[in-house]
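# Here is my input, please return the structure:
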Amino acid sequence: MTGDTSYSADNKSLSPSQNLDITIEEGSPNSEQLLDVEDECNDFENDCGQLFEIDGVDHENGRDETDLVDFHDGESQVKDYPPPVVGMEFDTYDDAYNYYNSYAKELGFAIRVKSSWTKRNSKEKRGAVLCCNCEGFKTVKEANSRRKETRTGCLAMIRLRLVESNRWRVDEVKLEHNHSFDPERAQNSKSHKRMESGAKRKIEPTLDVEVRTIKLYRTPIMDSSGCRSSNANEDGTNDHTSFSRHLKLREGDAQVIANYFCHKQMMNPNFFYVMDLADDGRMRNVFWIDSRSRAAYGYFGDVVAIDSTCLSNNYEIPLVAFVGVNHHGHSILFGCGLLADESFETYIWLFRAWLTCMSGRPPQTIITNQCKTMQSAINEVFPRAHHRICLSQVMQSILGDFALSQEYDAFQMALTKVIYESKTVDEFERAWEGWTQHFGISNHEKLQTLHEERERWAPVYSKDTFFAGISDYVKDEATSPFFYGHVHQQTSLKEFFDILESVSQEKHRREALADLESRDSTPLLKTRSYYELQLSKLYTDAVFSKFQDEVLIMSSCLSITELQTNGSMVTYIVKEHVGEESVSDVRQFEVMYDKAGVEVRCGCNCFNFKGYLCGHALCILNYNGVQEIPCQYILSRWRKDYKRLYVPNLSSNNVDITNPVQCYDHLYRRAMQVVEEGMVSQDHYMVAWQAFKESLNKVRLVAADKID
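Sure thing, here's the model as predicted:
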């Protein structure tokens, strides 16, 4: 919502005439058209119109037919093939290849297969890298030929991988080219000539762009008197009657919400909120998010944890928070909601509201607690995201039931070994059965339920899932509730909004301080490994410190044995000495290495779980003479120079200068862009500060001239 809301300081209420009801009915004839929202104050400029354009479900074809729309000065250009993004999935490798080839042809460049790899002892393709035809450079021998040089070292590419669902997923994308496009030359390339006329069907990735019926209200705050208390739908059933329940509010709470939203809109024109009201006008659910959180999601939205601690533990405030992890490993907020209950319909409403706000782009991985109703709603709204149950919560749940046991220490040690040291599914199943039998808990009801859901929390089942470190059992900030230590069971709604502002400001301050420290510091190296030196220059201090632990593991690796070779793919066994007491305490790790593509993968899956290579993989790279960690294993999300601009969307410069609200919004957005750019360095700050002073003086001179 933009900052044009009519708010009266006298009656402390919001004008009911501004109640705005926008509904998009699934499959309706107008669902693919831009909604023309009339409002006497402004044109609803906070992207709501654009957000709801993405509903385009083609029921005849049985699949989504969503076109990419580029907004530029109010004009839209429809692209047949949207740019690739991480998380796209295809039914077959050919579909993935044809999509990228068609996308390339539309832009004016050609592609080729840089590398591919197959399953061990078979010809089944498991992964591939498709790159721009200008990738790399000629060899010395080729450089002497008379053929024209066409390679420029271009880095544009996509990396494909066959995942457990037997679908092909894009897990890395680089869109930038270092050369101009030549459509005519690309037209004659091998990749485009291979496109037979009969095979030129529109190959589209399966993206979750599902926006169904959502009601938006501009300012529908009402008096909370008479609102009945609502209890959560504890049985988790799909009961439509539960959706008519109301948000539990004390007297004055509705006014607290109104005051907070109005204040945020005045301070942040791109602040967004959406409310769900019952037919009698009383509030059921609320969701809100500020522009900084929406911008942060674009950088760190690959993994999202849904924190429902307050709701599931019956706190005074029924809060649900969407949380991610930034490049320092700090938790960041992606939006908040207040819910009437934990019913299926309520979660559906919340997730669709959140997905709409994020322009229909779902995360790769969603981490939640063990709520069955939430799991069902996630399957409905985010069908292709990896839904996982927080492993630390699973561990705490199990250990909590046996905390008073005399064998607790042995019990905990055995459980940790079962979960973390099992390298294969069969090994995990045998270890779990042996563990439950040894302690006589085979018939324990909770353990049986957890075992049924093991594919959603056991690490051995999630080797193809990226967690950005949130999967760690060690209790740190990334695995703790966002408001841990700030919000308690008796915290009131009024207290919460004050806490929210305080916590948000502290998080922003910590991130800015960590940026400065990481940029200016020179970490102390613990080894002579060049890998450590390499990442000390790239990664933030917090993430680099964790990576150093993996570098130290290299010295604990006793031997490397070549197990088998299949073409360019070699499988090694790395033996690591663990612990300090017994010399015989050795663990083995299977590491696969592709010499052609310089690809490495360890059975411990440290890279997927934490976002950086493990010591075993580093040993194999070193063993094969690889002097630097390959670029595909250096994630942008951990870099100290990862440039982020937490600014509102600047999609349009069309401003009605006679409308003071539009003028304010536009100036505010532009000023915030200067603020964010000014925080990049001290030099940037000085330039931005000087520019502000000069601008203020010029503006004041205009006012002075008019007075004269």
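# The closest residue to residue 545 other than its chain neighbours and residue 540: what is the separation?
Once flanking residues are discounted, residue 545 sits nearest to residue 523: 7.5 Å by Cβ to Cβ, 6 or more residues apart in numbering. Placement of C-beta: from N, CA and C, glycine included. As defined by Cβ to Cβ, to the nearest Å, residue 523 lies at a distance of 10 Å from residue 540.
# do the same with residue 532
Going from residue 532 to residue 540 by Cβ to Cβ gives 15 Å.
# what about these two, which has more around it?
The neighbour comparison of residue 532 against residue 540 (other Cβ atoms under 10 Å) goes to residue 540, with 25 against 21.
# low-confidence ranges in the stretch 51-200 of the chain?
For the stretch 51-200 of the chain, the stretches with pLDDT under 70 are 51-80, 120-121, 137-150, 165, 183-200.
# in it, which spans are helices?
Applying DSSP state H, counting those that start in this stretch to the stretch 51-200 of the chain gives helices spanning 93-107, 140-143, 183-187, 190-193.
# Can you check which helix is longest in the protein?
helix 493-520 (DSSP state H).
# Can you name every helix or strand that that one contacts?
helix 253-267, strand 331-338, helix 541-553 (3 or more Cβ pairs under 8 Å, 6 or more residues apart in numbering; DSSP states H and E).
# Quick one: distance of the first one to the chain centre.
The reference is to helix 253-267. Remark: helix 253-267 is offset 28 Å from the chain centroid, using Cα atoms, centre = their mean, to the nearest Å.
# Likewise for the second one?
Mean C-alpha position of strand 331-338 versus that of the full chain (Cα atoms, centre = their mean) differs by 13 Å.
# Can you name the element that comes right after it?
Next along the chain after strand 331-338, taking DSSP states H and E as the criterion, comes helix 344-357.
# Show residues contacting the next helix or strand along the chain from that next one.
On the C-terminal side of helix 344-357, the nearest following helix or strand under DSSP H and E is strand 365-368. Applying Cβ atoms under 8 Å, 6 or more residues apart in numbering, the external contacts of strand 365-368 come out as 302-306, 308, 374-375, 378, 382, 385-390, 465-468, 470-471.
# Show me where the stretch 551-700 of the chain has its strands.
Listed in chain order, the strands of the stretch 551-700 of the chain (DSSP state E, counting those that start in this stretch) span 557-566, 569-577, 586-594, 599-602.
# Please convert those to a markdown table, extending it with distance to residue 693.
Formatted as a markdown table, these follow (distance: least, Cβ to Cβ, whole Å):
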| stretch | distance to residue 693 |
| --- | --- |
| strand 557-566 | 58 |
| strand 569-577 | 59 |
| strand 586-594 | 56 |
| strand 599-602 | 53 |
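# Any chance of JSON lines for the ones you listed, columns mean pLDDT, mean neighbour count and distance to residue 247?
Shown next, in JSON lines, are the strands of the stretch 551-700 of the chain (pLDDT from 0 to 100; neighbours: other Cβ atoms under 10 Å; distance: least, Cβ to Cβ, whole Å):
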{"stretch": "strand 557-566", "mean pLDDT": "90", "mean neighbour count": "13", "distance to residue 247": "56"}
{"stretch": "strand 569-577", "mean pLDDT": "92", "mean neighbour count": "19", "distance to residue 247": "53"}
{"stretch": "strand 586-594", "mean pLDDT": "91", "mean neighbour count": "18", "distance to residue 247": "51"}
{"stretch": "strand 599-602", "mean pLDDT": "93", "mean neighbour count": "22", "distance to residue 247": "48"}
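# Quick one: closest of these to residue 153.
Closest approach to residue 153 among these (Cβ to Cβ): strand 599-602, 19.9 Å.
# Quick one: list the elements packing against the closest one.
Contacts defined by 3+ Cβ pairs under 8 Å, 6+ apart place strand 599-602 against strand 586-594, helix 615-623.
# Those: which one's closest to residue 452?
Among the helices and strands packed on strand 599-602, strand 586-594 sits nearest to residue 452 (Cβ to Cβ), with 28.3 Å.
# relative to strand 569-577, how tilted is that closest one?
Calculated by axes from the mean of the first three to the mean of the last three Cα atoms, to 10 degrees, strand 586-594 forms an angle of 160 degrees with strand 569-577.
# which other helices and strands contact strand 586-594?
Identification of packing neighbours for strand 586-594 by 3+ Cβ pairs under 8 Å, 6+ apart yields strand 569-577, strand 599-602, helix 615-623.
# Give me the neighbour count for residue 438.
The tally of other residues near residue 438 (other Cβ under 10 Å) stands at 13.
# which residue sits closest to residue 453 in space, ignoring its chain neighbours?
If the residues on either side of it in the chain are set aside, residue 453 comes closest to residue 389, at 6.6 Å by Cβ to Cβ, 6+ apart.
# Now do that neighbour against residue 318, distance only.
Going from residue 389 to residue 318 by Cβ to Cβ gives 21 Å.
# Let me see the mean pLDDT of the longest helix of the chain.
Average pLDDT, helix 493-520: 90.
# what's the spacing between it and its chain's center?
Relative to its chain's centre, helix 493-520 lies at 20 Å (Cα atoms, centre = their mean).
# Likewise for stretch 489-507?
The answer for stretch 489-507 is 24 Å, by Cα atoms, centre = their mean.
# what comes into contact with it?
249-250, 252-253, 256-257, 260, 313-317, 319, 330-333, 336, 338, 482-483, 486-487.
# Give me the buried subset of the residues you listed.
Buried subset of those (neighbour count, 16 or more other Cβ atoms under 10 Å): 249, 252-253, 256-257, 260, 315-317, 319, 330-333, 336, 338, 482-483, 487.
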